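K.L.:
Let's see this in three dimensions:
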Amino acid sequence: MSQKFTDTRQTAGDKAIARFAESMIKRMEEMKSESWRKGWLPAVPGGGVAMNISGRPYSGSNPFMLWLMSAEANYKAPVFLTFNQANKLDVRIKRGETSYPVIYFQPLYKDKDGNKVEPEAIKEMSLEEKAALRFIPIIKVSNVFNIDQTNLAEVKPDIYNKIIARFTPKEYTLTDGMYVNIDLDRMIERQKWVCPIKADKTSDNAYYSPTNDYIVVPVKGQFNHGNSENDIYIAGQEYYSTMLHEMAHSTGHPDRLNRLENGHFGSPKYAREELIAELTAAFVASSLGFDKMIDANSACYLNSWIQTLKEEPKFIMSILPAVGKASDMIISHIDKMKLEMGEKAVAAFDFLNDIAEDAPFKDISIVRDNKGGMNVRASYGDTYLGMKPLSDRDAKIYSALKDASEREIFKKTICAKTFKEDVKEIKKPASRQQHIAF
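P.N.:
Numbering: from 1, shown residues only. The predicted model follows:
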């Protein structure tokens, strides 16, 4: 029985974190059972990540937790919507359904005297004044519902069926009965990962070498110890799961996410990194359509992970953001490879065409500056938003898109992310805008 974290004085953020911790403890305790035959997360049929009905993938800690907390409900697709989005679509939340928390961080800045500093004032500060400010990330919570918690299937069958079709299981060929994942096979064949993956020779174990920056994985046939057809099939999944686990470790290299810390086997630092790698592999595997079972090395840490979460639920917030960043790096590389081949990306889709969470942007264009960098330019309503640079990841994905409709969808997604704060300013009441202006 997992410990309950309840406190009437808790903030919404505290309650969301406590719920995340409870879900993680429950799943870890289930995995300790000898009868447990499932992975960390349910595999997404057809592959995919948890996303909003507007087509925007969730970020940070949310994708993993949305899957974990709704795993037992057997939802048909990892697609969620807010109450306001349901109203816009004339969709009703079913009676008795409970929402899922989505967390995000809102920055709070204070000066040396502990006084709150407004973002508008920060813009006018010098670099020295900005450096003296104290940054405090405030957790905010939004609530979402899975589409199967609504009557979307009845009142908007065209939209619902479009979503379900996106998550229809793929047809995979079998090699000697073992599960085959084409995307990960291509990753090795074309050496498209951030470091070399050596999987062409027999090896006694799998590992990532931080010193030499390469991954070693035993050849696929070494994982085939099963007798039944089912065991042989699952052995293929274990091969890819092992690869993803080591790929997750490699994201922590100093030249990438700079997460790796020195720690001997069994130490808290080592255990923390193992949990990050394990959950990252589980999430990416689920997104690609197969289960990631816990391995023997990670299983030995279950009790310590459970105990840590019971004693300090906020420990999960030192883990899940790292999982989100590592997962995003892996999925981004897979998507780039898929887009280069003219295939659909894992993490970018539009189900509603022009229906979006925010008011529509217009006059959107992607332009290069005189240094060759890519920028987005757009208007929101009658307000010109100006031009802002794209991140390297967004620029690479946009450049790889060949289909015009997919480019238009992606441009809307970029606008919603890039001009988020600008849109908030536009939406402020007129009286407050005038007050700020003066």
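
K.L.:
counting contacts, what elements does the lengthiest helix in the chain pack onto?
P.N.:
Assignment by DSSP state H gives helix 316-340 as the longest helix of the chain. With contacts defined as 3 or more Cβ pairs under 8 Å, 6 or more residues apart in numbering; DSSP states H and E, helix 316-340 has these neighbours: helix 12-31, helix 62-70, helix 182-189, helix 229-250, helix 268-288, helix 392-400. For the C-beta atoms, the positions are set from N, CA and C on the backbone; glycine is no exception.

K.L.:
Show me which residues of it are buried.
P.N.:
316-317, 319-320, 322-339 (16 or more other Cβ atoms under 10 Å).

K.L.:
and after it, which helix or strand comes next?
P.N.:
Heading C-terminal from helix 316-340, the first helix or strand you meet, by DSSP states H and E, is strand 361-368.

K.L.:
remind me which residues of this protein are low pLDDT?
P.N.:
1-9, 44-46, 169-176, 266, 347-360, 402-406, 409, 427-438 (pLDDT under 70).

K.L.:
the domain parsing of it - what is it?
P.N.:
Listed domain ranges for the chain are 12-98+151-340, 361-437 (source: automatic domain parsing).

K.L.:
Run the chain-centre distance for the first one.
P.N.:
The gap between where domain 12-98+151-340 is centred and where its chain is centred comes out at 9 Å by Cα atoms, centre = their mean, to the nearest Å.

K.L.:
E421: what's it in contact with?
P.N.:
Residues near E421 by Cβ atoms under 8 Å, 6 or more residues apart in numbering: P119.

K.L.:
Likewise for H249?
P.N.:
H249 touches 208, 210, 260, 273, 277, counting by Cβ under 8 Å, 6+ apart.

K.L.:
so the first one sits in a helix?
P.N.:
No: following the definition DSSP: H, G, I helix; E, B strand; the rest coil, Y208 is strand and is not counted among the residues of a helix.

K.L.:
if we can go back for a sec, what angle do helix 268-288 and the longest helix of the chain make with each other?
P.N.:
Taking axes from the mean of the first three to the mean of the last three Cα atoms, to 10 degrees, helix 316-340 and helix 268-288 form an angle of 40 degrees between their directions.

K.L.:
ok, and for stretch 178-195, which residues are buried?
P.N.:
Using 16+ other Cβ under 10 Å as the test for burial, stretch 178-195 gives 178-181, 183-184, 187-188, 193-195.

K.L.:
right, I mislabeled it, should have said stretch 41-52
P.N.:
41-45, 47-52.

K.L.:
What is the most widely separated pair among those residues?
P.N.:
The span of the buried residues of stretch 41-52, defined through Cβ to Cβ, is set by A43 and N52 at 20.8 Å.

K.L.:
thinking again about what came up before, so of the buried residues of stretch 41-52, which ones are in strands?
P.N.:
51-52 (DSSP state E).

K.L.:
which of the buried residues of stretch 41-52 lies closest to S379?
P.N.:
N52 (23.1 Å).

K.L.:
For the closest one, which non-adjacent residue is spatially closest?
P.N.:
F80 (6.1 Å; Cβ to Cβ, 6 or more residues apart in numbering).

K.L.:
what about the one you found, neighbour count?
P.N.:
26 (other Cβ atoms under 10 Å).

K.L.:
Check the gap between it and T202 for me.
P.N.:
F80 is 44 Å from T202, where distance means Cβ to Cβ, to the nearest Å.

K.L.:
And E129, by the same measure?
P.N.:
60 Å.

K.L.:
So for these two, which residue has more residues nearby?
P.N.:
A count of neighbours by other Cβ under 10 Å puts E129 above the other of E129 and T202, at 13 against 8.

K.L.:
measure the more buried one to A326 for me?
P.N.:
Distance of E129 to A326, computed by Cβ to Cβ: 35 Å.

K.L.:
what's the answer for E340, then?
P.N.:
Distance from E340 to A326, by Cβ to Cβ: 22 Å.

K.L.:
Equivalent analysis for E22, please.
P.N.:
23 Å.

K.L.:
hang on, the earlier thing: you'd agree the residue nearest to N52 is up against V144?
P.N.:
Yes: F80 lies in contact with V144 (Cβ atoms under 8 Å); the separation is 4.0 Å.

K.L.:
Check the contact lists of those two and give me the overlap.
P.N.:
Common neighbours of F80 and V144 (Cβ under 8 Å, 6+ apart) are 52, 66, 100, 102.

K.L.:
between the residues you listed, which is nearest K220?
P.N.:
Nearest member of the shared contacts of F80 and V144 to K220, counting by Cβ to Cβ, is L66, at 31.4 Å.

K.L.:
Next, count neighbours for that closest one.
P.N.:
The burial count for L66: 23, using other Cβ under 10 Å.

K.L.:
Contact partners for the residue lying closest to it once chain neighbours are set aside?
P.N.:
Excluding the flanking residues, the one nearest L66 by Cβ to Cβ, 6+ apart is A50, at 4.2 Å. By Cβ under 8 Å, 6+ apart, the contact list for A50 reads 57-58, 62-63, 66-67, 78-80.

K.L.:
Against M69, how distant is A50?
P.N.:
A50 is 10 Å from M69, by Cβ to Cβ.

K.L.:
so E261 sits in a helix?
P.N.:
No: according to three-state DSSP, E261 belongs to no helix; its state is coil.

K.L.:
Assign K412 to helix, strand or coil.
P.N.:
helix.

K.L.:
Give the partner strands of the strand or helix carrying F135 in its sheet and their orientations.
P.N.:
Here F135 sits within strand 134-146, counting by DSSP H and E. For strand 134-146, the paired strands and their directions (DSSP bridges) are strand 79-82 (antiparallel), strand 100-110 (antiparallel).

K.L.:
Would you mind measuring from the nearest residue to L288 once chain neighbours are set aside to Q307?
P.N.:
Excluding its sequence neighbours, the residue lying closest to L288 (Cβ to Cβ, 6+ apart) is G47, at 4.9 Å. Distance, G47 to Q307, by Cβ to Cβ: 34 Å.
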